[in-house]
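K.L.:
Structure, please.
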Amino acid sequence: MTFSKEDLLRYIVFKTSRSGGKGGQNVNKVSTKVELNFDFESAAFLSEEEKSLLRSRFVNRLNAEGKVQVISNEERGQLLNKEKAVDKLLGLLKTGLTIQKSRKKTKPRKNDVERRLQEKQKQAIKKLNRRGNFDF
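P.N.:
Here you go, the predicted model:
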């Protein structure tokens, strides 16, 4: 998983439109909202295993054409929104391509079990003391 922004830019298509939000009258005139479409299927720097991993993890992010879609309209300028969208995509790819270690099942230590039982006993005694002295 060694790729840079320059590698990504070859496979990215930007689409701009007018966005709402802060900016006043500028919002009505300038197209600052950026929609980024990344075609990871044709990306040469990704292996087939990585592509299948991304396919399974990005099911909800894919559009009808099978491209990853990222939208940014937080900033007032188009260039800043493009940079934010590319940064978001880089973050998505890094998290999508990381493989988590499998958890090894372990038993709790004897001291931990004893400590837990003692804490439970203390809590039970506290609650009994709060009841008061009622005869049943």
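
K.L.:
Now stretch 61-74: buried residues?
P.N.:
Neighbour-count burial for stretch 61-74, counted by 16 or more other Cβ atoms under 10 Å, picks out 67-70, 72-73. In short, each C-beta sits where N, CA and C put it, glycine included.

K.L.:
again but with stretch 96-103, I slipped
P.N.:
For stretch 96-103, a neighbour-count test (16+ other Cβ under 10 Å) marks Gly96 as buried.

K.L.:
Stretch 73-90 too?
P.N.:
73, 75-76, 78, 81-82, 84-86, 89.

K.L.:
Do I have it right that Arg61 meets Ile71?
P.N.:
No - between Arg61 and Ile71 there is no contact under Cβ atoms under 8 Å: 10.6 Å.

K.L.:
Can I get the buried residues of stretch 73-90 in a markdown table including secondary structure?
P.N.:
Formatted as a markdown table, the buried residues of stretch 73-90 follow (DSSP: H, G, I helix; E, B strand; the rest coil):
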| residue | secondary structure |
| --- | --- |
| Asn73 | coil |
| Glu75 | coil |
| Arg76 | coil |
| Gln78 | helix |
| Asn81 | helix |
| Lys82 | helix |
| Lys84 | helix |
| Ala85 | helix |
| Val86 | helix |
| Leu89 | helix |
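
K.L.:
Farthest pair within these?
P.N.:
Arg76 and Leu89 (20.8 Å; Cβ to Cβ).

K.L.:
any weak-confidence spans in this protein?
P.N.:
Low-confidence segments of the chain (pLDDT under 70): 1-2, 20-28, 133-136.
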